[in-house]
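1. next input, structure requested:
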Amino acid sequence: MLNGFRSQRISVDGVEIFLETGGAGPPLLLLHGYPETHLMWHRIAPRLAEKYTVVCPDLRGYGDSAKPAGLADHSNYSKRAMAGDMVGVMAALGHESFFLAGHDRGARVAYRLALDHPQAVQKLALLDIVSTKAAYEQGGMALAAAYFHWYFLIQPSPFPETLIGADPKFYLDTIFRKWTNNPQAFDEAALAEYLRVFSDPACIHATCECYRAGATLDLENDRKDVAAGRKIECPNLILWGAQSVVGKLCKPLEAWDDLIAQPQGQALPCGHFLPEEAPEVTLKALLAFF
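-> Residues are numbered from 1 along each chain as shown. A predicted model of the protein is given here:
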């Protein structure tokens, strides 16, 4: 679905990452969210590739990348570990520093990467999230109800895995319907791919582990950074959907004050899935920023 892109696999510390690359120019890494794959960028990545060398990987545990069993402390699905994968991928491609954009879970990997490897990130764009710390500490009942999966997926294995695995299509259909402002925005071929890879029990387990790590190690790492006064200093762009949970229930810029120096950004006219629901305005915003 990414016309003109080349697929390959890169092993980073024994974890194989699937990715597609295309274009020429300054390197731009695009990270997808839950419960999707790198194909969520299919409407804008080819056009970004007209100006940039675009790298679209599947995160560990997602898509066609490796899906190792979760460790007891969930550390192999911490955003620190997943960010390390991406630094390794970019280094293998010859890019020691790069532009970075992430959506949803990919945005959590992206901001952790910017905190842990500040020399690697020239500019950072985060799509439709607040920090893990903000979501857990500032969210009330309304946010908990909207983000029900945050509390469901962190339950001990194999409880959520078993329930999701009973009918992955029903689960994905529900997620996409709840989080979008326009259910017709999704490409049928993309939806088929999301279902193909998500139906794998190893993927269901891995994505649960991603959230278990979020509620433990990722939250702890956010708190440690705030306590130490550590912030993301590179130029940043915070984008969110005006009709998304973040847009309706959070204060997206204020929520980043403790982890990003001078957060800047704007709402876009859509729900959660910015690159699929509002590709033209998302593309325009990213091109202007990068």
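2. so Gln266 is in contact with Ala285, correct?
-> Yes - between Gln266 and Ala285 there is a contact under C-beta atoms under 8 Å: 7.3 Å. Placement of C-beta: from N, CA and C, glycine included.
3. got any residues that touch both of those two?
-> Here Gln266 and Ala285 have Leu239 as joint contacts, going by C-beta atoms under 8 Å, 6 or more residues apart in numbering.
4. these two: which has the busier surroundings?
-> Ala285 (19 against 13; other C-beta atoms under 10 Å).
5. show me which residues of the helix or strand hosting that one are buried.
-> Here Ala285 sits within helix 279-289, counting by DSSP states H and E. In terms of neighbour count (16 or more other C-beta atoms under 10 Å), helix 279-289 has its buried residues at 279, 282-283, 285-286, 289.
6. so how far is that helix off the chain centroid?
-> Put simply, helix 279-289 sits 17 Å off its chain's centre (C-alpha atoms, centre = their mean, to the nearest Å).
7. can you show me the helices along the stretch 1-150 of the chain?
-> 45-48, 79-92, 105-116, 132-138, 141-146, 148-152 (DSSP state H, counting those that start in this stretch).
8. need these in CSV with mean pLDDT, distance to Glu193 and mean neighbour count, can you?
-> Listed next are these as CSV, based on pLDDT from 0 to 100; distance: least, C-beta to C-beta, whole Å; neighbours: other C-beta atoms under 10 Å:
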stretch, mean pLDDT, distance to Glu193, mean neighbour count
helix 45-48, 98, 14, 21
helix 79-92, 98, 20, 21
helix 105-116, 98, 16, 26
helix 132-138, 95, 27, 19
helix 141-146, 92, 26, 13
helix 148-152, 96, 20, 15
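9. would you confirm that Cys270 contacts Leu239?
-> No - look at Cys270 against Leu239 with C-beta under 8 Å: they stay out of range, at 9.9 Å.
10. and Tyr171, helix, strand or coil?
-> The three-state label given to Tyr171 by DSSP: H, G, I helix; E, B strand; the rest coil is helix.
11. what is the burial count for it?
-> 20.
12. same check on Ala120?
-> Around Ala120 there are 20 residues (other C-beta under 10 Å).
13. ok, it - contacts?
-> By C-beta under 8 Å, 6+ apart, the contact list for Ala120 reads 87, 90, 96-98, 113-114.
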